[in-house]
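Engineer: The following comprises the amino acid sequence and a computationally predicted model.
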Amino acid sequence: MLTPAPLETDKPRTRQFRRHSHRPLLAPAAVARQGRVATLVWERLRDSVAAAAFLNTHDTSLGGRPIDLAIADDGGFRAVVARLDALHPAG
(Lines give C-alpha, C1' and ligand atoms only; values in the text may rest on other atoms or scores of the structure.)
Protein backbone atom coordinates (compact mmCIF):
# COMPACT_ATOMS: atom_id res chain seq x y z
CA MET A 1 0.00 0.00 0.00
CA LEU A 2 1.26 3.51 -0.81
CA THR A 3 1.82 5.99 1.92
CA PRO A 4 0.65 9.51 1.20
CA ALA A 5 3.24 12.23 0.67
CA PRO A 6 3.79 14.40 3.74
CA LEU A 7 2.03 17.72 3.71
CA GLU A 8 4.01 20.95 3.55
CA THR A 9 2.92 21.69 7.10
CA ASP A 10 4.38 18.36 8.30
CA LYS A 11 7.97 19.48 7.67
CA PRO A 12 10.03 20.19 10.76
CA ARG A 13 10.79 23.83 11.25
CA THR A 14 14.42 24.88 11.11
CA ARG A 15 16.12 28.18 11.61
CA GLN A 16 16.57 29.58 8.15
CA PHE A 17 19.08 32.29 8.91
CA ARG A 18 21.43 30.52 11.23
CA ARG A 19 24.95 31.83 11.72
CA HIS A 20 27.42 29.18 10.77
CA SER A 21 30.55 30.92 12.00
CA HIS A 22 31.67 31.27 15.57
CA ARG A 23 34.24 33.90 14.64
CA PRO A 24 33.60 37.37 16.04
CA LEU A 25 32.30 40.00 13.63
CA LEU A 26 34.64 42.79 12.55
CA ALA A 27 34.29 46.18 14.16
CA PRO A 28 32.64 48.82 11.95
CA ALA A 29 35.94 50.69 11.49
CA ALA A 30 37.67 47.48 10.38
CA VAL A 31 34.86 46.76 7.91
CA ALA A 32 35.22 50.28 6.51
CA ARG A 33 38.99 49.88 6.06
CA GLN A 34 38.46 46.49 4.41
CA GLY A 35 36.03 47.98 1.93
CA ARG A 36 38.21 51.01 1.20
CA VAL A 37 41.35 48.97 0.56
CA ALA A 38 39.50 46.45 -1.62
CA THR A 39 38.01 49.30 -3.66
CA LEU A 40 41.38 51.04 -4.04
CA VAL A 41 43.08 47.85 -5.18
CA TRP A 42 40.28 47.05 -7.64
CA GLU A 43 40.33 50.59 -9.09
CA ARG A 44 44.08 50.42 -9.53
CA LEU A 45 44.40 46.90 -10.94
CA ARG A 46 41.02 46.40 -12.68
CA ASP A 47 41.46 42.64 -12.53
CA SER A 48 39.77 40.56 -9.85
CA VAL A 49 42.44 37.83 -9.87
CA ALA A 50 45.28 40.35 -9.56
CA ALA A 51 43.42 42.29 -6.86
CA ALA A 52 42.76 39.13 -4.85
CA ALA A 53 46.38 38.07 -5.24
CA PHE A 54 47.64 41.46 -4.05
CA LEU A 55 45.36 41.50 -1.02
CA ASN A 56 45.78 37.85 0.03
CA THR A 57 49.43 37.07 -0.71
CA HIS A 58 51.99 37.57 2.07
CA ASP A 59 54.10 40.64 1.33
CA THR A 60 57.52 40.45 2.96
CA SER A 61 58.04 44.23 2.90
CA LEU A 62 54.76 44.70 4.79
CA GLY A 63 55.31 41.68 7.01
CA GLY A 64 51.92 40.09 6.32
CA ARG A 65 48.93 39.85 4.06
CA PRO A 66 47.83 43.33 2.95
CA ILE A 67 44.16 42.66 3.68
CA ASP A 68 44.93 41.63 7.27
CA LEU A 69 47.13 44.67 7.83
CA ALA A 70 44.59 47.07 6.34
CA ILE A 71 41.82 45.66 8.52
CA ALA A 72 43.91 45.78 11.70
CA ASP A 73 44.34 49.55 12.05
CA ASP A 74 44.78 52.86 10.25
CA GLY A 75 48.57 52.53 10.21
CA GLY A 76 48.31 49.18 8.45
CA PHE A 77 45.83 50.65 5.99
CA ARG A 78 48.24 53.48 5.17
CA ALA A 79 51.14 51.03 4.76
CA VAL A 80 49.12 48.90 2.33
CA VAL A 81 48.12 51.96 0.29
CA ALA A 82 51.77 53.09 0.17
CA ARG A 83 52.81 49.61 -1.01
CA LEU A 84 50.08 49.66 -3.64
CA ASP A 85 51.33 53.06 -4.84
CA ALA A 86 54.89 51.74 -5.05
CA LEU A 87 53.98 48.58 -6.97
CA HIS A 88 51.15 49.97 -9.11
CA PRO A 89 51.37 53.76 -9.42
CA ALA A 90 48.18 55.57 -10.31
CA GLY A 91 48.06 56.90 -13.79
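Structural biologist: Happy to help now that I have it.

Engineer: Was I right to think Gly76 contacts Leu69?
Structural biologist: Yes. Between Gly76 and Leu69 there is a contact at 3.6 Å, judged by C-beta atoms under 8 Å. Any C-beta I mention is one placed from the backbone N, CA and C, and that applies to glycine too.

Engineer: what does the helix or strand where Ala86 lies rub up against?
Structural biologist: Here Ala86, judged by DSSP states H and E, is contained in helix 74-87. Residues external to helix 74-87 that are found in contact with it (C-beta atoms under 8 Å, 6 or more residues apart in numbering): 33, 36-37, 40-41, 44, 54, 59, 61-62, 66, 68-70.

Engineer: distance between that helix and the chain's centre?
Structural biologist: 17 Å (C-alpha atoms, centre = their mean, to the nearest Å).

Engineer: Show me which residues of that helix are buried.
Structural biologist: 76-77, 79-81, 83-84 (16 or more other C-beta atoms under 10 Å).
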